[in-house]
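K.L.:
With the input below, show me the fold.
(one chain, ligands or ions: 1)
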Amino acid sequence: MSANAPVIDKGNLFDTLRAMVAIDSVNPSLVPGGRGEADIAAWLGERMTALVLEVEVTEIAPSRYNAVGILRGTGGGRSLLLNGHTDTVGVEGMTIPPFLGDYRDGRLYGRGTMDMKGGVAAQLAAVKALVDAGLRPKGDVILGFVADEEYASLGTEVLLRTVRADAGIVCEPTDLGVCVAHKGFVWARVDVAGVAAHGSRPLEGVDAIVKAGKFLAELEALEERLKERTHPLLGAPSVHASTIRGGRELSTYPDFCRIELERRTLPGENSALVERELQTILREIRSRDNNFRANLEMLFSRPPLEVDPSLPIVEALRGACSHVLGRIPDFSGMSGWLDSALLAEAGIPTVIFGPTGYGLHGAEEFVEFDSVVATAGVLAETILTFCGS
Ligand SMILES: [Zn+2]
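P.N.:
Sure thing, here's the model as predicted:
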């Protein structure tokens, strides 16, 4: 170890994480009346200012805030964006105190400890370690602490209007594995039309709910076919009906049935492909049933993520893992969707790397504190390798 190698200040990291857990940042779009990110963004802004970063705390929507800090490089190196969300899901039904930050057996408990204040605290600690050691990378290091990941990713969308970097790391929990792929999703709506009639007049009525059943049966068949398509890290894509609504009263043929559905996508799949899949199903039902009338509407989608494992950011991260953790972690994939896909879409190759924990969005949530320290150590090394020093 050279004289001024970065050293993670464990005590400071512990206090930082506990302080962040104590700041309520429940996403108000998920939980009406939720506190939002104003307090935590202001707090992070102060911490970054104390590290002499260039800091901007911005209101991106009423009471929703991003906090961005830049450790300006000496020049000539690659820039790196460390992205983390500061919002959490709600605390109702939790069986532990959500904001106390209880510490037992190496675990720090509380809402957001795992998802993902542990990762954010590690990002801050990594930059602090460089500043403490007087190490200034060649390229810029950007700390992008964003709002609203748990709902609509407003924070990262706004961040990407002004911020670009040569690579990104999102510190969602990965058990200290290097995650290079995750699924995307597509939402769609199918409105099935029937003909309303008195329940005693079958010749006049067309039952929209029973017709919708034909579509649902085909959806199940589609799910079976999708199992044949697999990705080495992500497994098969999937489809499920999310909501159904229809009918007016017991004695009337329903003239309307609405099904909303979600299709989870693999790299290489997109909304246009899903639209074709669903249109094919509707066309086939129509060819067998003259009375089947349905309209498909594509609602919203987010892309999947797949990063080339030979990219410099992946190599830098794995090298740092080897050095700091004493092992090279396997590549992993995640089934859920993350902000990393938005970064990649904006041309910033992004991997996910973060601590070990349990109970994200659950009744009991904790993060293993040692894994937060390890995350910070790996990040500090990765910055030096990737951005140059
Ligand atoms: Zn998260």
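
K.L.:
Provide the secondary structure category for the residue nearest the centre of the chain.
P.N.:
Geometric centre of the chain, nearest residue: residue 338, 2.2 Å, by C-alpha atoms, centre = their mean. Three-state call for residue 338 (DSSP: H, G, I helix; E, B strand; the rest coil): coil.

K.L.:
How about residue 187?
P.N.:
Following three-state DSSP, we place residue 187 in the strand state.

K.L.:
is it true that it touches residue 260?
P.N.:
Yes. Using C-beta atoms under 8 Å, residue 187 is in contact with residue 260, at 6.9 Å. From N, CA and C alone the C-beta is placed, and that goes for glycine too.

K.L.:
Which residues are in contact with each of the two?
P.N.:
242, 299 (C-beta atoms under 8 Å, 6 or more residues apart in numbering).

K.L.:
Count the residues that sit near the residue in the stretch 151-300 of the chain that the ion sits nearest to.
P.N.:
The stretch 151-300 of the chain approaches the ion most closely through residue 172 (4.9 Å), counting by C-beta to the ion. Residue 172 has 26 neighbours, counted by other C-beta atoms under 10 Å.

K.L.:
doesn't residue 119 make contact with it?
P.N.:
Yes. Counting by C-beta under 8 Å, residue 172 does reach residue 119; the two are 6.1 Å apart.

K.L.:
so what sits against both of those two?
P.N.:
Joint contacts of residue 172 and residue 119 (C-beta under 8 Å, 6+ apart) are 84, 354.

K.L.:
circling back to that earlier point, let me see the contact set for the residue nearest to the centre of the chain.
P.N.:
149, 170, 172, 182, 305, 352.

K.L.:
same question, residue 70
P.N.:
53, 54, 55, 140, 141, 142, 143.

K.L.:
how about it, secondary structure?
P.N.:
For residue 70, the assignment made with three-state DSSP gives strand.

K.L.:
Run a quick neighbour tally on the residue nearest to it when sequence neighbours are not counted.
P.N.:
What sits nearest to residue 70 in space, not counting adjacent residues and going by C-beta to C-beta, 6 or more residues apart in numbering, is residue 54, at 4.4 Å. Residues lying near residue 54 (other C-beta under 10 Å) number 13.

K.L.:
Help me confirm that residue 54 comes into contact with residue 67.
P.N.:
No. Residue 54 is beyond contact range of residue 67, at 11.9 Å (criterion: C-beta under 8 Å).

K.L.:
And the residue nearest to the centre of the chain, how far from residue 181?
P.N.:
11 Å (C-beta to C-beta, to the nearest Å).

K.L.:
Break this structure into its domains for me.
P.N.:
Taking automatic domain parsing as the criterion, the chain consists of the domains 10-182+305-387, 184-302.

K.L.:
deepest of those, which one?
P.N.:
Highest mean neighbour count of these: domain 10-182+305-387, a mean of 21 (counted as mean count of other C-beta atoms under 10 Å).

K.L.:
Could you measure from the residue of the stretch 151-300 of the chain closest to the ion over to residue 233?
P.N.:
15 Å.

K.L.:
Ok, residue 55 next?
P.N.:
Separation of residue 55 from residue 233 (C-beta to C-beta): 36 Å.

K.L.:
contacts for the strand or helix carrying residue 47?
P.N.:
In this structure, residue 47 sits in helix 38-50 according to DSSP states H and E. Here helix 38-50 makes contact (C-beta under 8 Å, 6+ apart) with 16, 19-20, 23-25, 55-57, 59, 63-67, 69, 86, 120, 124, 143, 145, 147.

K.L.:
ok, now stretch 193-200?
P.N.:
Outside stretch 193-200, the residues that reach it (C-beta under 8 Å, 6+ apart) are 204-209, 211, 248, 250-257, 293-295.

K.L.:
cutoff 7 Å now
P.N.:
204-208, 211, 251-256, 293-294 (C-beta atoms under 7 Å, 6 or more residues apart in numbering).

K.L.:
Between which two of the residues you listed is the distance greatest?
P.N.:
The span of the contacts of stretch 193-200, defined through C-beta to C-beta, is set by 251 and 294 at 24.4 Å.

K.L.:
so which of the contacts of residue 70 comes closest to residue 105?
P.N.:
For the contacts of residue 70, the nearest to residue 105 is residue 143 (30.2 Å; C-beta to C-beta).

K.L.:
Let me see the mean pLDDT of the helix or strand containing residue 220.
P.N.:
Assigned by DSSP H and E, residue 220 falls within helix 208-226. In this model, helix 208-226 has a mean pLDDT of 98.
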